[in-house]
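Peer 1: Coordinates only, no sequence provided:
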């Protein structure tokens, strides 16, 4: 029985072997006899090698076609898997890092973990940390220390020191994200200088798999110029590649990451070309077919380089001045702020500054330090993303709403006795003004006057005008912005879950409670007053040109967002007259604009915060035929007028004045000023008393 079973198994094994051999024989006959001529023809015809020709990225200019961000030939350090020994790649990377450190070369490290223990997630890197957790298959609650432990194990870094582990892990993680492979090099560092490239090539015998290649890199003519607006470019991440590949991107392409570089990616990017190299056996080139790349277009921004630098410097100087001269608790603590200048006629941004700021030229090497500054947050674009209560700078909205509703006229007298009762609460004004009308109330920033208007017309009327003026709504700018919020029953219920009371209307009437607007919105609101009710869409673009800069591809045309018809023209004239009075002797901004040769319409604000009050200032000039509007916020600046010198510096530069300005066109005090168009005479007079409330 056993012998029969064994014989049967032998026959089965023999049949299997014969069948396998038959399959191979049939395949060999097919290749060598039946289809031999086809394979011979394919061999003799050679093959085609396809290469991508990178398109040159478009450049960024200012409105006068002065360069801001341009392309510059430089050098990249690359790692090539074909020559990089896998067993010692960590040692090679560490040696390369040490050499780069001596040469002052900064390499790419996007690992969102601090450089030394105790490990923590870098500020503003939550999305990057979530990506790292997914890559390492960690739970959402895993800490930076947990992630670092997994990275050490994954990349075999146990034998290195703690600091070396973090540095190598940053590169190895980035290599993984860039899909480093035999057919795809990894860019270790970009834009290095020629001298450093030469030195690295000299050490190539010690660094197998390391090479240097020429490349076009982004060069910032002045890295301090509007870095929050210009933005950066960066590599493509693994999880976004599938979507971008469909748009023609390669894994090793660079893409705009923020600012203008991101917002105008499709315009700046260009179209890659293609080179097909036809080879015959022996790698002999038979022919080369090439489709030339199309370079990206040039984006001319609406900002003016000289005005931008002046605004940045004026804002920084004023904050420093307050730190050095103001009394403790009254401006000395000022440490940050933002300002935006608009062309009233077009809605174009002429300048936008954020303080503190950073240098785009050294952004890569400074990132960890900048991200770690959690108090002053220099990476935050305060001009577009900071939300601030406007304080008394909101009073023109209330005045327009009151005049538009017919609740008051420019002549209406409201008594100010420093106290204003609403229910069981008593609101106050900082001074006793007695009977007061619009011009004096705006010039002296009397709270009681605006409390009373708010009570007469209610929050809905105020909120409607604020909306039409562009507060708490998108501005139209092409870059990301915060929308902010208006103080109204809906926002109170959403934020606090509470009902609305008359006292809330009173507080909202002087720009407090839940109001929160960006300096960009405040500037556009100011420009809307200057335009007598025409609100423009804000834009950062002056025009789009081809790469040669010779031809305009897309001009920028002013876009009207809204024509405000609910407020009559004479109401705007009355409010503008009162804002001019605020700049004249006796007004809250008279220390800066009291005798200025051009009529400046302004309003100061001292909005209360959880800490010390901020300084808010809005203005436009000239009052009759406006050109520029500006909004400034200085955090913890205390008095509204402390921000006014920044506006003065802008107007001086724009109108060509110096500190010894010529005799002003109008010499009226706040009491005497009347609108050049509506002819309203102001009935009250209060002499040369100084402002009380700002």
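Peer 2: Arrived safely. The structure presented is a predicted model; accordingly, all values stated were derived computationally and were not measured. Numbering: from 1, shown residues only.

Peer 1: Only C-alpha atoms from now on, for both contacts and neighbour counts.
Peer 2: OK.

Peer 1: Please enumerate the helices of the stretch 151-300 of the chain.
Peer 2: Assigned by DSSP state H, counting those that start in this stretch, the helices in the stretch 151-300 of the chain fall at 162-177, 194-202, 227-230, 238-245, 259-263, 265-268.

Peer 1: Extract the residue ranges of the stretch 201-350 of the chain that are flagged as low pLDDT.
Peer 2: Flagging of the stretch 201-350 of the chain using pLDDT under 70 yields the residue ranges 275, 277-288.

Peer 1: Could you do the chain as well?
Peer 2: For the chain, the stretches with pLDDT under 70 are 1-6, 27-32, 35-51, 275, 277-288, 658-694.

Peer 1: Give the buried residues for the longest strand belonging to it.
Peer 2: Determined from DSSP state E, the single longest strand within the chain is strand 67-79. Residues of strand 67-79 classed as buried by neighbour count (16 or more other Cα atoms under 10 Å): 67, 68, 69, 70, 71, 74, 75, 76, 77, 78, 79.

Peer 1: Just checking: what are the partner strands of that strand?
Peer 2: Paired strands of strand 67-79, with direction, are strand 60-61 (antiparallel), strand 186-192 (antiparallel), strand 210-220 (antiparallel) (DSSP bridges).

Peer 1: how far does the following helix or strand past it sit from the chain's center?
Peer 2: Proceeding N to C from strand 67-79, the next assigned helix or strand is helix 89-103, under DSSP states H and E. For helix 89-103, the separation from the chain centroid amounts to 34 Å (computed by Cα atoms, centre = their mean, to the nearest Å).

Peer 1: List the buried residues for helix 89-103?
Peer 2: Residues 89, 90, 92, 93, 94, 96, 97, 99, 100, 103 are the ones in helix 89-103 that count as buried (16+ other Cα under 10 Å).

Peer 1: which residues sit against the longest strand of the chain?
Peer 2: Under the contact criterion Cα atoms under 8 Å, 6 or more residues apart in numbering, strand 67-79 has outside partners 56-62, 185-194, 197, 209-222, 225.

Peer 1: Can you say which of those residues are buried?
Peer 2: 56-62, 185-192, 197, 209-212, 215-220, 222, 225.

Peer 1: Report the beta-bridge partners for the residue nearest to residue 257 when sequence neighbours are not counted.
Peer 2: Excluding its sequence neighbours, the residue lying closest to residue 257 (Cα to Cα, 6 or more residues apart in numbering) is residue 233, at 5.0 Å. On the basis of DSSP bridges, residue 233 is bridged to residue 256.

Peer 1: any idea how far residue 258 is from residue 233?
Peer 2: According to Cα to Cα, to the nearest Å, residue 233 stands 7 Å off from residue 258.

Peer 1: that older thread, can you lay out the helices of the stretch 151-300 of the chain as TSV showing distance to residue 7?
Peer 2: TSV is the format used below for the helices of the stretch 151-300 of the chain (distance: least, Cα to Cα, whole Å):
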stretch	distance to residue 7
helix 162-177	56
helix 194-202	69
helix 227-230	83
helix 238-245	58
helix 259-263	76
helix 265-268	74
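
Peer 1: So for residue 292, which of the ones you listed sits nearest?
Peer 2: helix 265-268 (16.8 Å; Cα to Cα).

Peer 1: who touches the closest one?
Peer 2: The contact list for helix 265-268, computed with Cα under 8 Å, 6+ apart, reads 57, 58, 59, 255, 256, 261, 296, 297, 298, 299.

Peer 1: and with 6 Å instead?
Peer 2: 57, 58, 256, 296, 297 (Cα atoms under 6 Å, 6 or more residues apart in numbering).

Peer 1: circling back: ok, which of the helices of the stretch 151-300 of the chain comes nearest residue 643?
Peer 2: Per Cα to Cα, nearest to residue 643 of those: helix 227-230, 21.3 Å.

Peer 1: quick check, residue 604 in a helix?
Peer 2: No. Counting by DSSP: H, G, I helix; E, B strand; the rest coil, residue 604 is not part of a helix but strand.

Peer 1: give me every residue that touches it.
Peer 2: Contact analysis of residue 604 by Cα under 6 Å, 6+ apart lists 393, 616, 617, 640, 641.

Peer 1: Downstream of the helix or strand harbouring the second one, the next helix or strand is which one?
Peer 2: In other words, residue 616. Applying DSSP H and E as the criterion places residue 616 in strand 615-621. Beyond strand 615-621 on the C-terminal side, the first helix or strand identified by DSSP H and E is strand 628-635.

Peer 1: Name the SS class of the nearest residue to residue 405 once chain neighbours are set aside, please.
Peer 2: Using Cα to Cα, 6+ apart and skipping residues adjacent in sequence, the residue nearest residue 405 is residue 457, 7.2 Å away. Taken by three-state DSSP, the conformation at residue 457 corresponds to helix.

Peer 1: these two touch, right, the residue nearest to residue 257 and residue 256?
Peer 2: Yes. With contact defined as Cα atoms under 6 Å, residue 233 counts as touching residue 256 (4.2 Å).

Peer 1: Please tell me how far the residue nearest to residue 257 sits from residue 607.
Peer 2: The gap separating residue 233 from residue 607 is 37 Å, by Cα to Cα.

Peer 1: Those two: who's more crowded?
Peer 2: For residue 233 versus residue 607, neighbours defined as other Cα atoms under 10 Å are more numerous around residue 607 (29 against 18).

Peer 1: The more buried one belongs to a strand, doesn't it?
Peer 2: No. Under three-state DSSP, residue 607 sits outside any strand and is assigned coil.

Peer 1: residues touching it, list them.
Peer 2: Contact partners of residue 607, counting by Cα under 6 Å, 6+ apart, are 389, 390, 391, 613, 614.

Peer 1: 10 Å instead, please
Peer 2: Residues counted as contacts of residue 607 (Cα atoms under 10 Å, 6 or more residues apart in numbering) are 388-394, 510-513, 613-616, 633, 635-640, 694.

Peer 1: which ones among those are found in strands?
Peer 2: Residues of the contacts of residue 607 located in strands (DSSP E): 615, 616, 633, 635.

Peer 1: how about those residues, which pair is most distant?
Peer 2: 616 and 635 (8.7 Å).

Peer 1: Are there residues contacting both of these two? Which ones?
Peer 2: Taking Cα under 10 Å, 6+ apart as the contact rule, residue 616 and residue 635 both touch 337, 388, 607, 643.

Peer 1: ranking the residues you listed by neighbours, who comes first?
Peer 2: Neighbour count (other Cα under 10 Å) singles out residue 643 as the most crowded of the shared contacts of residue 616 and residue 635, with 32 neighbours.

Peer 1: Please tell me I have it right and that one contacts residue 339.
Peer 2: Yes. Residue 643 is within contact range of residue 339, at 9.5 Å (criterion: Cα atoms under 10 Å).

Peer 1: one step back: make JSON lines out of the buried residues of strand 67-79 and add distance to residue 313.
Peer 2: Formatted as JSON lines, the buried residues of strand 67-79 follow (distance: Cα to Cα, whole Å):
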{"residue": "67", "distance to residue 313": "20"}
{"residue": "68", "distance to residue 313": "18"}
{"residue": "69", "distance to residue 313": "20"}
{"residue": "70", "distance to residue 313": "24"}
{"residue": "71", "distance to residue 313": "27"}
{"residue": "74", "distance to residue 313": "31"}
{"residue": "75", "distance to residue 313": "33"}
{"residue": "76", "distance to residue 313": "34"}
{"residue": "77", "distance to residue 313": "36"}
{"residue": "78", "distance to residue 313": "39"}
{"residue": "79", "distance to residue 313": "42"}
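
Peer 1: what's the closest of the residues you listed to residue 427?
Peer 2: Using Cα to Cα, residue 68 comes nearest to residue 427 of the buried residues of strand 67-79, at 50.5 Å.

Peer 1: out of everything not next to it in sequence, what's closest to that closest one?
Peer 2: Among residues not flanking residue 68 along the chain, residue 61 sits closest, at 5.0 Å (Cα to Cα, 6+ apart).

Peer 1: how much space between residue 457 and residue 451?
Peer 2: Distance from residue 457 to residue 451, by Cα to Cα: 10 Å.

Peer 1: make that residue 472, sorry
Peer 2: 21 Å.

Peer 1: what do you get for residue 408?
Peer 2: Here the distance between residue 408 and residue 451 works out to 13 Å (Cα to Cα).

Peer 1: Fine by me, thanks again.
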